[in-house]
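# Below is the structure, and that's it, no one-letter string:
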């Protein structure tokens, strides 16, 4: 498979003002996507694309550039404003549009941004379609005649439509009355929809990190900073806390004692509940990063488990290949294909709450059988051109770690698909040993990367 120039594992992402996230390139992207999508529209009809964004200040800039490119290609644009990524996937399908586009860099800092696409079916675009868009980006923009240009319109009640959709995934015979829940929206795209969903289902909701200013998305809050949610749950005497990331597709949860539950544990709770109810055909998909403890716990229930590459798009691909519908990652991306076409942090949270309501268990009780194996993840900044596989000291450090772990653990080095980082993961039986080995490998990588750039 040929390497793509712009698209990574989750669309196109980077620092705003630097390639590829510049107004000029994003306009070319919009035009190229418009040309490709127009070829799939019915004869004589305009293709129509929905654009949503998170709360980064650069969203205004990129939305205008993207809209201009699409309109130049003769594509009509529907503007949803700030909405979670999974909301755009849902609305694209519900409104029968040609595609959906999300302007977001998910969990990244505010000065990054990105573009990702959904097809008319609510799934992320296939690699082959992304390659066609990239190929068209190499050519100049050829604006359509004025009579054929695309138009723009605002989507009325986009937030209300999505709130009702989320609520529809929770059983009508149940509610959340009696629960005090802290809802952390990461000052991101779900700031105006997450708390209302829980409130309308009956919960006493304390909304936090729901005052975006364009610069504070993911800053010390959200799914990537669980300490904030832990403090808020304790301070408010809440039963539970839910935290999303900046674009609303990741979830972590916290119980009243302040214990954090990651995506592996939450996925297990959902799978166990689906099996109990006789609603789990097949098995569960995780990734190469999924904790061995979760895999073993599923095995004790007789639930098959398979691993994909890291990234929710690869989890989804394997689910579709196997005909299963439940999968996810420790980071909190959870895919419930019986409820949505893509990972949705808020809907995943509702599935966990439903499971707890069905049994009367706490979070800790529901996943008590998951004994997580010690696992350390170290993120090492590297230049994108650095080839860690060709650095002999790095491969030697990995071999030595694997020798020490034997069959009691594993080592995984993985370039991030969204940031200039090399992720070093070591898993084993002894926490101190695992941490030491991960730091040793990371130190070697830092030294080699510095030498290569010097």
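All right, it came through fine. As the structure is a prediction and not an experimental result, all values here were calculated from the model.
# Over to the residue of the chain positioned farthest from its centre: give its phi and psi.
What lies farthest from the middle of the chain is residue 147; by CA atoms, centre = their mean that is 39.0 Å. Main-chain dihedrals, residue 147, degrees, to the nearest 10: phi -70, psi -10.
# Residue 417 versus that one, what's the distance?
41 Å (CB to CB, to the nearest Å). To be clear about C-beta, it is placed using only N, CA and C from the backbone, and glycine gets the same treatment.
# Any buried residues in stretch 187-194, and which?
Buried residues in stretch 187-194, defined by neighbour count with 16 or more other CB atoms under 10 Å: 187-194.
# Quick check: the farthest pair among the residues you listed?
187 and 193 (13.6 Å; CB to CB).
# Name the nearest of the buried residues of stretch 187-194 relative to residue 427.
For the buried residues of stretch 187-194, the nearest to residue 427 is residue 188 (30.0 Å; CB to CB).
# pull the longest helix from the protein.
helix 431-453 (DSSP state H).
# can you list contacts of that helix?
The contact list for helix 431-453, computed with CB atoms under 8 Å, 6 or more residues apart in numbering, reads 374-378, 380-383, 386, 388, 391, 393-394, 397-398, 401, 404-405, 409, 411, 413, 422, 424-428.
# so where's the stretch 51-200 of the chain shaky on pLDDT?
Within the stretch 51-200 of the chain, no stretch has pLDDT under 70.
# Now do the strands in it.
For the stretch 51-200 of the chain, the strands defined by DSSP state E, counting those that start in this stretch cover 76-82, 99-103, 112-119, 152-154, 180-184.
# List the pairing partners of the shortest one within its sheet, with orientation.
The one in question is strand 152-154. Sheet pairing here is set by DSSP bridges, and for strand 152-154 it gives strand 76-82 (parallel).
# Touching the strand it pairs with from outside, list them.
Contacts for strand 76-82 (CB under 8 Å, 6+ apart): 46-55, 59, 63, 67, 70-71, 87-88, 91, 95, 97, 150-155, 158, 189, 191-192, 212.
# can you pull the buried residues of it?
For strand 76-82, the neighbour count (16+ other CB under 10 Å) marks 76-82 as buried.
# So residue 371: helix, strand or coil?
With DSSP: H, G, I helix; E, B strand; the rest coil as the basis, the three-state label of residue 371 is coil.
# and it, how far is that from residue 268?
Applying CB to CB, the value for residue 371 to residue 268 is 11 Å.
# Name the residues contacting each of the two.
In contact with both residue 371 and residue 268: residue 297, using CB under 8 Å, 6+ apart.
# Which residue of these two possesses the greater neighbour count?
Neighbours were counted for residue 371 and for residue 268 using other CB atoms under 10 Å; residue 268 has more, 27 against 12.
# thinking again about what came up before, now, of the contacts of strand 76-82, which are buried?
46-55, 59, 63, 67, 70-71, 87-88, 91, 95, 97, 150, 155, 158, 189, 191-192, 212.
# Where does the record place the domain boundaries for this protein?
Split into domains by automatic domain parsing, the chain comes to 12-157, 177-259, 262-346+355-366, 375-453.
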